[in-house]
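Participant: Sequence first, then the predicted structure:
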Amino acid sequence: SQTIHQWPATLVQPVGSPLSLECTVEGTSNPNLYWYRQAAGRGLQLLFYSVGIGQISSEVPQNLSASRPQDRQFILSSKKLLLSDSGFYLCAWSGTSGRNGYFGPGTRLTVL
Amino acid sequence: AQSVTQLGSHVSVSEGALVLLRCNYSSSVPPYLFWYVQYPNQGLQLLLKYTTGATLVKGINGFEAEFKKSETSFHLTKPSAHMSDAAEYFCAVSAPGNDMRFGAGTRLTVKP
């Protein structure tokens, strides 16, 4: 069965510090991978999605970047965090058939 | 490109009343449709999905949704709301070869 991992689960970082959130998927190959952010009291905001290694599409211009160094690994990064980067970050995958989509457990990021 | 619109960011019902959460989609190809639920301080979990076959889909916790192609809708219903149904609900659309797109979410409140 497919499993999606995210770490860390929670993170508290000072403004201006770098960020690296990792997401890995098991049990599937060539998944579409997504990074979403959910700010307090707001819905899901799609940040990035990837249909393959090295292929990243950015939905919203911002302080963040994403990379996909391996088929089942998706990394969300920032060189300098802003207060507005605080939120709940969710990684998700869907198969190329489009029939399934699953979310990881999420990372709660607090920028102070 | 595909998209989803969830009508109503907040819905409030009394315990025992009908729950109706609205979702309309846009897709140039036959869509796959999903509803996810997010309980407070938790990740998203799949509630139900439509891929092919019967247009009335039953999910967990007594929820169901009906795919109506003529109305481009996939509304989520439950005959009788429970307090434990209070959560945020997300509708999503995908298709073979397409990435998955989510609505902004609807927060359901259940009043005693």
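Facilitator: Noted; the coordinates are in hand. Residues are numbered from 1 along each chain as shown, chains lettered A, B, ... in the order given.
Participant: make it CA atoms for all contacts and neighbour counts henceforth
Facilitator: Fine.
Participant: pLDDT value on the most centrally placed residue in chain B, please?
Facilitator: Computing the C-alpha centroid of chain B and ranking residues by CA atoms, centre = their mean puts B:W35 first, at 3.7 Å. The per-residue pLDDT reported for B:W35 equals 96.
Participant: residues from chain B in reach of chain A?
Facilitator: Counting by CA under 8 Å from any CA of the partner chain, the residues of chain B close to chain A are B:32, B:42-46, B:51, B:94-100, B:102-106.
Participant: Give me the nearest residue to residue 66, chain neighbours excluded.
Facilitator: Went with chain A since none was named. Nearest residue to A:A66 in three dimensions, chain neighbours excluded: A:L76, at 4.5 Å (CA to CA, 6 or more residues apart in numbering or on different chains).
Participant: Sorry, I should have been clearer: chain B.
Facilitator: B:L56 (4.3 Å).
Participant: what's the burial count for that neighbour?
Facilitator: 14 (other CA atoms under 10 Å in any protein chain shown).
Participant: returning to what we had before: B:E88 is in contact with the residue nearest to the centre of chain B, correct?
Facilitator: No: with contact defined as CA atoms under 8 Å, B:W35 does not reach B:E88; the gap is 10.5 Å.
Participant: From the rest of the structure, what touches the worst-scoring helix or strand of chain A on mean pLDDT?
Facilitator: One helix or strand of chain A scores below all others by mean pLDDT, DSSP states H and E: strand A:101-103, with a mean of 86. Contact with strand A:101-103 is made by A:4, A:90-95, B:43-46, B:100, as judged by CA atoms under 8 Å, 6 or more residues apart in numbering or on different chains.
Participant: circling back to that earlier point, surely the residue nearest to the centre of chain B forms part of a strand?
Facilitator: Yes: assessed with DSSP: H, G, I helix; E, B strand; the rest coil, B:W35 lies in a strand.
Participant: rewinding a little: gap between the strand or helix carrying the residue nearest to A:A66 and the chain center?
Facilitator: Using DSSP states H and E, A:L76 maps to strand A:73-78. Centroid separation for strand A:73-78 versus its chain: 6 Å, with CA atoms, centre = their mean, to the nearest Å.
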